[in-house]
Each structure stands twice: as C-alpha cells, then as structure tokens.
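Here is my input, please return the structure:
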Amino acid sequence: MCSYAPFTQTPEWQKNFGASYAPNAAQVNNQLKLFTLSVGTEDFLYESVKQNIAMYEKKGLKVKSYIVPGGHTWMNCKQYLATTLQEIFK
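Numbers count the residues shown, from 1 in each chain. Sure thing, here's the model as predicted:
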C-alpha cells in the first residue's frame, strides 16, 4: 500500500485508525509487501503525515516513509510514484 500526502483528518479515518486502532502488527506486516507514506516538507499535510507515520510505527507496523523537499505538487507525486514503483517491482 502506497499513499502520497494522504489527508487523514476525516471522521472515517479517525473512526477506523484513531487512538483505538489496534492492528495485529505481525499479520499486517506479513500481508503487505510494501507500506509507504510519502509527503513533502512544505506540504500542508506534512505534520499530519508525520504523526501518522509515528502512530503506525508505535503500533508496530513496518511503514517506509519518503519525505522530500517541496509541497503538495504533481512533481512530488511523480517522484513518490517513481520511487515506490521501483520498490513494488523489486
């Protein structure tokens, strides 16, 4: 699963992945070949994505983060895609 500058401050996200989210980390890690979250350091979603990365790591999920310079732009999205596609097809 690869997510590029995800907006997670929705009621649905909070309901499914908020503070009470308690995944079976071993099972999730085994089922996912790749779990990435990508964001630019000037992206308006940067802080929330960093918080999500920390939350997933605290819950024991193996998340790979791609944090690059720049904002919420197509150029960054293109970079995330190019990076994660290489990881997926290794």
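
got a pLDDT number for the residue nearest to the spatial centre of the chain?
Ranked by distance to the mean C-alpha position of the chain (C-alpha atoms, centre = their mean), the top residue is residue 37 at 2.2 Å. Confidence at residue 37, expressed as pLDDT, is 93.

Looks to me like it is in a strand.
Yes - Residue 37 sits within a strand when classified using DSSP: H, G, I helix; E, B strand; the rest coil.

and it, bridged to which residues?
In this structure, residue 37 bridges to residue 3, residue 65 when assessed by DSSP bridges.

pretty sure it is touching residue 53, no?
Yes - checked against C-beta atoms under 8 Å, the pair residue 37 and residue 53 is within contact range at 5.4 Å. Using the backbone N, CA and C atoms, a C-beta is placed for each residue, glycine as well.

Overlap of the contact sets of these two?
63, 65 (C-beta atoms under 8 Å, 6 or more residues apart in numbering).

SS state for residue 67?
Criterion first, three-state DSSP; result for residue 67: strand.

Next one, pLDDT for the nearest residue to residue 33 once chain neighbours are set aside please.
Spatially, and ignoring its direct neighbours in sequence, residue 33 is nearest to residue 88 (7.1 Å; C-beta to C-beta, 6 or more residues apart in numbering). Listed pLDDT for residue 88 reads 87.

Check the gap between residue 88 and residue 52 for me.
As for residue 88, its distance to residue 52 is 20 Å (criterion: C-beta to C-beta, to the nearest Å).

what's the answer for residue 43, then?
Using C-beta to C-beta, residue 43 is found at 13 Å from residue 52.
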